[in-house]
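Visitor: Here is my input; please provide its structure:
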Amino acid sequence: MRPGQIIVLATPVFFLLIAIEFAVGRVRARRGTGQDTYRLADAVNSIGLGMLSQISAVLTGLLRIGIYTAVYSAVALFPPETARDFWTTWYGWLLALVFYDFCYYWLHRMGHESAVLWAAHVVHHQSQHYNLSTALRQTSSGALLGWVFYLPMAVAGVPPLVFGVVALVDLLYQFWVHTEQVGKLGWFDRWFCSPSNHRVHHAVNDEYLDRNYGGILIVWDRLFGSFREEGERCVYGTRSQLGSWDPLWANAEVYWALAKDSWHARSWADKLRVWLKPPGWRPADVAARFPKPAFDIAKVTRYEPAVSQGVKWFAKVQFLVLLNAVAVFLWFSDGLPLPQAAVWLGALTAGLWAIGGVLQGRFSITEVLLVEAAALATASAALGIGWLHHICKPLVLAIAIFLAARRAMKAGAVTRFDGLLLAGLAASLAGDVLLMGSAKLFVPGLVCFLLAHLAYIALFRIGIGMFPRRGALVATLLIGLAMYAFLWQGGLPPALRIPVGIYVVVIAGMAAQAIGRAAVLRDADPSALWVAVGACFFMLSDALLATNRFVSPLPLAQLWVLATYYAAQILIVRHARPIA
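Guide: Residues are numbered from 1 along each chain as shown. I've put the predicted structure just below:
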């Protein structure tokens, strides 16, 4: 049984313990003897990040186990049979667990002392609440560098199976220590990682910062000078608050900050030091040009954007559906080819991202359904699930039309702007339906999309004029001409050369119009930039579609074609607004 399947079997236990902790916190809060440590959005975000970590581990875990196995096979100090005989005895298993915990201590400690490692580990610390859901809040990028710290086990001849089992035991042990409902435990606190010890680790208080790294044993902290006993009340989170429920941004936040500082640093040495120095270190010239306020614990506030009860219930239902989908994926992922696993990883990630958006107030319920339908339409096409694709593909544009119409009605009247947007979406929907049919419907489908692009050109010229940036038009036409020449050389049928040529000119014009509009409205309407990005995605999607159809089949062609197509439509319908 694989680790992912064990996590699936353990999930009901996790949720039972979370429910018990939640109930105990509620009772203690009413009695005035404790506090309720749960907030819906925070718990959903934490568990969602755990889900994302597990599904991404289907891919990144191959790196960690693959490298470990390669080193074990190549440079282990003892013959495999001798090592296996030792490490699979009861005392060998116990020693392997202690060995792993020792390596984990140094990985964990360096995760707080080196910025690039902190960029991965920070995900676990971002929650400003401390409860059992926080335990499930895990990084998706830890495997990229974390494997280095476990190579001594491979050199010592610890078999990969033993390594995998003790790693899982060490991880599962740490679940229960993430709670405020369990106080100090006397002698146990002196030897083991406990709730009291680990609360200190998650705190941002000056006296607690970067302390108590042990996974199972706290003895390592006592030996290496990083132990601190719990005293004053802990304040949780990170000193640079995340301020978001976006699981992708949670994983990318620190990497992005480091990349910006590295880019801005004048010294080449500093460009490297940014990644290796402790978190928070910045080159003097970067700190001077881009100052950040000093951390003040008295000014810490919790990130809790207000959303309606309806949104909360919607998020709960969506989250439960996704939780079950992730469980099914993890259970069967071992039998899936890598490309199929990657497709489902993308679809599930899109769903988790959308739930974070609605809880943050960035997305409406309709927009979440739009993203989810697009993810399912793309995944079902890439994986050849015909019945699901025939449902979801027309559903995407139907939801987009509903979204645009509802927004227009809320504004009080359907303007010319709204009419053109709806016309473009309706023509796209017709094109989608036709392209799902036989090959002889390709030209009618092409005509529908031609009409959609003409509607978008008319939409984007309102209040702007035609092609306000002629340079953009020249650039898109040249790109279109290059693509057309590529298709011609690749075998574009003679009967389609004129229709495709007309289509290339129109879509290049649509992209140029959108780019010109974004340039004109740069200050007045920043969202126009996203519309222009969407128009460029349209060009990319059609280029991929034509290449796959007329030149050479692309691997996972439907994934790339539909992912870019839906990105284009979503960006346009969500960000296109009349000029104020």
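
Visitor: Every contact and neighbour count from this point should use C-alpha atoms.
Guide: Fine.

Visitor: in the protein, what spans have low per-residue confidence?
Guide: For the chain, the stretches flagged by pLDDT under 70 are 580.

Visitor: which helices and strands does the lengthiest helix in it pack with?
Guide: Ranked by residue count and defined by DSSP state H, the top helix of the chain is helix 40-75. Where contact means 3 or more C-alpha pairs under 8 Å, 6 or more residues apart in numbering; DSSP states H and E, helix 40-75 is packed against helix 132-135, helix 143-146, helix 151-155, helix 160-173, helix 247-264, helix 309-332, helix 338-360.

Visitor: If we go by neighbour counts, what in the second one is buried?
Guide: What that stands for is helix 143-146. Neighbour-count burial for helix 143-146, counted by 16 or more other C-alpha atoms under 10 Å, picks out 143, 146.

Visitor: how about stretch 348-364: buried residues?
Guide: Those would be 348-361, 363-364, for stretch 348-364 by 16+ other C-alpha under 10 Å.

Visitor: how about that stretch as PDB, C-alpha atoms only?
Guide: In PDB, the C-alpha atoms belonging to stretch 348-364 read as follows (Å, rounded to 0.1, in the frame of the first residue of the first chain):
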ATOM      1  CA  LEU A 348      -8.100  19.500  -9.000                       C
ATOM      2  CA  THR A 349      -5.700  22.400  -8.400                       C
ATOM      3  CA  ALA A 350      -8.000  24.700 -10.400                       C
ATOM      4  CA  GLY A 351     -10.900  23.700  -8.100                       C
ATOM      5  CA  LEU A 352      -8.900  24.400  -5.000                       C
ATOM      6  CA  TRP A 353      -7.800  27.700  -6.400                       C
ATOM      7  CA  ALA A 354     -11.400  28.700  -7.200                       C
ATOM      8  CA  ILE A 355     -12.600  27.900  -3.700                       C
ATOM      9  CA  GLY A 356      -9.900  30.100  -2.200                       C
ATOM     10  CA  GLY A 357     -11.000  32.900  -4.500                       C
ATOM     11  CA  VAL A 358     -14.700  32.700  -3.500                       C
ATOM     12  CA  LEU A 359     -13.800  32.700   0.200                       C
ATOM     13  CA  GLN A 360     -11.500  35.700  -0.300                       C
ATOM     14  CA  GLY A 361     -14.300  37.600  -2.100                       C
ATOM     15  CA  ARG A 362     -12.300  37.700  -5.400                       C
ATOM     16  CA  PHE A 363     -14.700  35.400  -7.200                       C
ATOM     17  CA  SER A 364     -18.500  35.100  -7.300                       C
END
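
Visitor: Endpoint to endpoint, stretch 464-478 covers what distance?
Guide: Stretch 464-478 has an end-to-end distance of 23 Å (criterion: C-alpha to C-alpha, to the nearest Å).

Visitor: ok, and what's touching it?
Guide: 461, 505, 508-509, 511-513, 515-517, 519-520 (C-alpha atoms under 8 Å, 6 or more residues apart in numbering).

Visitor: OK, contacts around the residue nearest the centre of the chain?
Guide: Most central in the chain under C-alpha atoms, centre = their mean is Leu248, positioned 2.9 Å from the mean C-alpha point. Taking C-alpha under 8 Å, 6+ apart, we find Leu248 in contact with Trp353.

Visitor: So it versus Ser53, what's the distance?
Guide: In terms of C-alpha to C-alpha, Leu248 sits 11 Å off from Ser53.

Visitor: Then Tyr91?
Guide: From Tyr91 to Ser53 the distance is 32 Å (C-alpha to C-alpha).

Visitor: more crowded one of the two?
Guide: Ser53 (21 against 11; other C-alpha atoms under 10 Å).

Visitor: Wait, that one touches Gly142, no?
Guide: No: if you go by C-alpha atoms under 8 Å, Ser53 and Gly142 don't touch, sitting 9.1 Å apart.

Visitor: mind checking the end-to-end distance for stretch 229-245?
Guide: Stretch 229-245: ends 31 Å apart by C-alpha to C-alpha.

Visitor: Tell me which residues are up against that stretch.
Guide: Residues from elsewhere that reach stretch 229-245 (C-alpha under 8 Å, 6+ apart): 41-42, 45, 122, 125-130, 196-197, 199-200, 202-205, 250, 253, 295, 303, 356-357, 359-360.

Visitor: Give me the buried subset of those residues.
Guide: Buried among the contacts of stretch 229-245 by 16+ other C-alpha under 10 Å: 41-42, 45, 122, 125-130, 196-197, 199-200, 202-205, 250, 253, 303, 356-357, 359-360.

Visitor: if you compare the helices and strands packed on helix 40-75, which one is most tucked away?
Guide: helix 132-135 (a mean of 26; mean count of other C-alpha atoms under 10 Å).

Visitor: Export only the CA atoms of that one, formatted as CSV.
Guide: What follows is helix 132-135 as a C-alpha-only set of coordinates in CSV (Å, rounded to 0.1, in the frame of the first residue of the first chain):
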residue,chain,number,x,y,z
LEU,A,132,-5.4,20.2,13.8
SER,A,133,-6.2,21.5,10.3
THR,A,134,-2.9,23.4,10.5
ALA,A,135,-1.1,20.1,10.7
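
Visitor: Who are the packing partners of that helix?
Guide: helix 3-31, helix 40-75.

Visitor: in the first one, what's buried?
Guide: By 16+ other C-alpha under 10 Å, the buried positions in helix 3-31 come out as 4-5, 7-8, 14, 17-18, 21-22, 24-26.

Visitor: and what of the last one?
Guide: Applying a neighbour-count criterion of 16+ other C-alpha under 10 Å, one finds 41-61, 63-65, 67-69, 71-73 buried in helix 40-75.

Visitor: since we're on Leu454, how many residues are nearby?
Guide: 19.

Visitor: OK, contacts around it?
Guide: With C-alpha under 8 Å, 6+ apart, Leu454 has these contacts: 424, 506, 510.

Visitor: end-to-end on stretch 216-226?
Guide: Using C-alpha to C-alpha, first and last residues of stretch 216-226 are 15 Å apart.

Visitor: contact partners of it?
Guide: 101-102, 105, 170, 173-174, 189-193, 197, 210-214, 227.

Visitor: Alright, I will stop here.
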